[in-house]
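Undergrad: sequence first, then the predicted structure:
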Amino acid sequence: MTKKDKKEEQPSKEEKQAQERPPEPKEKASKTKHTVVIDGQEIAYTATAGTLVLKDEEDKPKASLFYVAYTRDGVDDVAQRPITFSFNGGPGSSSVWLHLGVVGPRRVLMSPEGEMLSPPYTLVNNEYSLLDVTDLVFIDPVSTGYSRAYPPEEAKQFHGVEQDIKSVGEFIRLYTTRAKRWASPKFLIGESYGTTRAAGLSGHLQNEIGMYLNGIMLVSSVLNFQSIRFVLSNDLPYILFLPTYAAAAWYHKRLPDDLQQQDLRTVLAEVKAFAEREYTLALMQGARLPDEERQRIVSRLARYTGLSETYIEQTNLRINIHRFVKELLRDERRTIGRFDARLKGIDRDAAGEHHEYDPSYSIIQGAYGGMLNDYVRSELRFKSDLPYEILTGNVHPWDYSKFQNQYVNVAETLRGAMTQNPFLKVFVGNGYYDLATPFFATEYTFDHLELDPSLQDHITMAYYEAGHMMYLHQPSLAKLKADLARFLTAALPEAEK
């Protein structure tokens with residue numbers, strides 16, 4: 001054999017790449033039959049736990065997305081049956097929280113007040129599930145749950161505001177097509193950053209895919225990041241967090257007696273009026289604020305937050321959330337939760353500036369993570385040796401480049417979608433004790449949506465005496481289910497007639 005013959009036998013660069021490329025991901029699906037009792041009625045349904053492979057237009061796989069779908073059995077015409085796509089936020093969160101907290105047919109058993117129970121944990125029949133009124137599909141975005149980018153594709157191409165919307169939107173398009181659900185009424189439900197995704201999807205699905213939605217359900221919403229970002233020269237969060245500071249102080253009995261004896265809503269009405277008037281005007285004046293007026297503002301802030309006037313003076317009238325959760329109960333050597341200000345934590349160092357951990361996350365991390373891993377394999381019969389990424393940091397840094405030199409704001413996308421599709425309805429659920437996405441910040445965002453007056457009644461606001469995951473609190477869970485079901489039913493086509 002000549003040297004020339006040997007050279008010709010060597011694989012080309014393209015052939016080498018093909019040999020090195022791992023086998024294409026195969027879609028998997030495990031279907032199981034179950035029943036759930038909701039409002040005393042037994043509902044039979046099929047659960048499908050599986051993966052869908054997203055491909056480009058050249059049919060090359062890009063990523064494999066894990067999902068769990070629940071479809072009611074015995075439905076003659078699925079075109080009459082609503083379908084709801086559900087996801088959580090992070091960025092970097094799987095869909096586990098809404099899945100096993102309120103929307104799905106199984107839920108993690110928590111104490112009635114949402115406090116931690118002793119491990120191991122338990123799944124129970126979820127009598128508050130939405131499966132009685134809609135089919136459900138829970139989506140884990142790339143790098144969360146069992147969803148992964150397909151090598152050699154880089155996962156970071158999916159980690160960004162626009163990239164995430166496109167990949168989740170592609171999953172929704174593909175699932176809807178394969179399941180033959182284009183004729184069904186369609187809804188989204190997102191929590192936290194999942195509300196950012198949902199608002200972005202309202203425009204993407206409508207404008208890029210031609211999919212018009214009937215409704216969007218936003219749980220603990222953030223659409224305009226200026227309302228929650230504590231950065232230099234942005235005074236807005238100090239104003240918008242103040243009512244939730246007052247709610248936390250009221251709950252922990254740190255307010256003056258005259259306020260402490262009033263109900264929470266009465267207290268919040270007074271604090272909101274102060275925040276949007278005197279407090280806003282004071283911060284606007286900056287160094288020009290007269291000393292006498294400054295002292296009056298300091299006294300009012302102390303009255304509403306349970307903090308000392310000295311401390312408020314030292315903050316220049318600007319109380320940062322991450323300091324507040326450490327400061328409120330410092331004399332007890334306790335912190336409070338960011339997701340739920342009702343809950344207390346213990347730090348090693350009581351003199352620190354920030355808390356060491358969020359006690360309102362630690363109570364759910366083990367319970368929801370453990371139960372999801374058990375549930376998927378034991379009840380849904382889906383097998384994978386990958387770690388199920390509950391809330392991962394592997395998506396960071398998240399790409400916000402579209403909003404370079406400005407705050408992320410998808411509120412305008414939602415306004416545009418509601419304007420172009422005047423049948424689109426929006427539900428917004430708020431927890432009074434939520435220090436991650438406070439209710440006053442959400443109200444501010446929707447008050448500045450500049451939506452046409454004829455469409456204002458298409459927005460429904462609801463409130464709960466709980467935190468970010470208000471469904472951990474059983475009375476709020478029951479109310480949330482009733483509110484969501486009422487909203488969803490009212491947004492159906494027949495309700496318009």
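TA: Nice, I can see it.
Undergrad: which strands or helices does the strand or helix carrying residue 167 pack on?
TA: Here residue 167 sits within helix 161-178, counting by DSSP states H and E. If you count contacts as 3 or more Cβ pairs under 8 Å, 6 or more residues apart in numbering; DSSP states H and E, helix 161-178 packs onto strand 41-55, strand 61-72, strand 83-87, strand 135-139, helix 193-204. For every residue, glycine as well, the C-beta is placed using N, CA and C.
Undergrad: any chance of these in TSV, plus mean neighbour count, mean pLDDT and distance to residue 408?
TA: Listed next are these as TSV, based on neighbours: other Cβ atoms under 10 Å; pLDDT from 0 to 100; distance: least, Cβ to Cβ, whole Å:
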stretch	mean neighbour count	mean pLDDT	distance to residue 408
strand 41-55	17	97	24
strand 61-72	22	97	23
strand 83-87	27	98	17
strand 135-139	25	98	21
helix 193-204	27	98	7
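Undergrad: in JSON lines: these, plus distance to residue 247.
TA: Below are the helices and strands packed on helix 161-178 laid out as JSON lines (distance: least, Cβ to Cβ, whole Å):
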{"stretch": "strand 41-55", "distance to residue 247": "36"}
{"stretch": "strand 61-72", "distance to residue 247": "34"}
{"stretch": "strand 83-87", "distance to residue 247": "27"}
{"stretch": "strand 135-139", "distance to residue 247": "30"}
{"stretch": "helix 193-204", "distance to residue 247": "20"}
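Undergrad: right, and those - which one's nearest residue 311?
TA: Distance to residue 311, taken as Cβ to Cβ, is lowest for helix 193-204 among the helices and strands packed on helix 161-178, at 31.2 Å.
Undergrad: so what secondary structure elements neighbour that closest one?
TA: Secondary elements touching helix 193-204 (3+ Cβ pairs under 8 Å, 6+ apart): strand 83-87, helix 161-178, strand 186-192, strand 215-221, helix 411-420.
Undergrad: got the contact list for that helix?
TA: Helix 193-204 has contacts (Cβ atoms under 8 Å, 6 or more residues apart in numbering) with 87-91, 93, 98, 141, 161-162, 164-166, 168-169, 172, 188-190, 213, 216-223, 408, 410-411, 413-414, 416-418, 424, 437.
Undergrad: chain center to the helix holding residue 167: distance?
TA: Relative to its chain's centre, helix 161-178 lies at 17 Å (Cα atoms, centre = their mean, to the nearest Å).
Undergrad: and the angle from that helix to strand 41-55?
TA: Angle, helix 161-178 to strand 41-55, by axes from the mean of the first three to the mean of the last three Cα atoms, to 10 degrees: 120 degrees.
Undergrad: so residue 151 is in which element?
TA: Judged by DSSP H and E, residue 151 forms part of no helix or strand.
Undergrad: quick check on the contacts of helix 193-204: which are buried?
TA: Listed as buried from those are 87-91, 93, 98, 141, 161, 164-166, 168-169, 172, 188-190, 213, 216-223, 408, 410-411, 413-414, 417-418, 424, 437; burial here means 16 or more other Cβ atoms under 10 Å.
Undergrad: to residue 178, which of the helices and strands packed on helix 161-178 lies closest?
TA: Closest approach to residue 178 among these (Cβ to Cβ): strand 41-55, 8.0 Å.
Undergrad: helices or strands up against that closest one?
TA: strand 29-38, strand 61-72, helix 161-178.
Undergrad: returning to what we had before: outside of the helix holding residue 167, which residues touch it?
TA: Contact with helix 161-178 is made by 52, 54, 62-63, 65, 67, 69, 83, 85, 87, 91, 137, 139, 141-142, 157-158, 181-182, 186, 196-197, 200-201, 204-205, 208-209, 211, 398-400, 402-403, 408, 410, as judged by Cβ under 8 Å, 6+ apart.
Undergrad: got it, and stretch 442-459?
TA: The contact list for stretch 442-459, computed with Cβ under 8 Å, 6+ apart, reads 221-224, 227, 236, 240, 411, 414-415, 418-419, 422, 424-426, 428, 430, 461.
Undergrad: what's the average pLDDT for that stretch?
TA: Per-residue pLDDT over stretch 442-459 has a mean of 97.
Undergrad: buried ones in it?
TA: Within stretch 442-459, judged by 16+ other Cβ under 10 Å, the buried ones are 442-446, 449, 451, 455, 458-459.
Undergrad: how far out from the middle of the chain is that stretch?
TA: A distance of 20 Å separates the C-alpha centroid of stretch 442-459 from that of its chain, computed with Cα atoms, centre = their mean.
Undergrad: again with stretch 106-125
TA: Using Cα atoms, centre = their mean, the offset of stretch 106-125 from its chain centre is 20 Å.
Undergrad: need the pLDDT of residue 12.
TA: 70.
Undergrad: likewise for the one 4 residues further on?
TA: Note for residue 16: predicted pLDDT of 59.
Undergrad: between the helices and strands packed on helix 193-204, which one is closest to residue 27.
TA: Among those, helix 161-178 comes nearest to residue 27, with 9.9 Å by Cβ to Cβ.
Undergrad: picking that back up, which one of the helices and strands packed on helix 193-204 lies closest to residue 473?
TA: Judged by Cβ to Cβ, the one of these that comes nearest to residue 473 is strand 215-221, at 13.0 Å.
Undergrad: what sits up against the helix or strand harbouring residue 312?
TA: For residue 312, the host element (DSSP H and E) is helix 309-314. For helix 309-314, the surrounding residues in contact (Cβ under 8 Å, 6+ apart) are 298-299, 301-302, 305, 319, 327.
Undergrad: and the two most separated of the residues you listed?
TA: Across these, the longest distance by Cβ to Cβ is 17.4 Å; it joins 299 and 327.
Undergrad: neighbour-wise, which of these two wins?
TA: Counted by other Cβ atoms under 10 Å, residue 299 and residue 327 do not tie: residue 327 has more neighbours, with 22 against 12.
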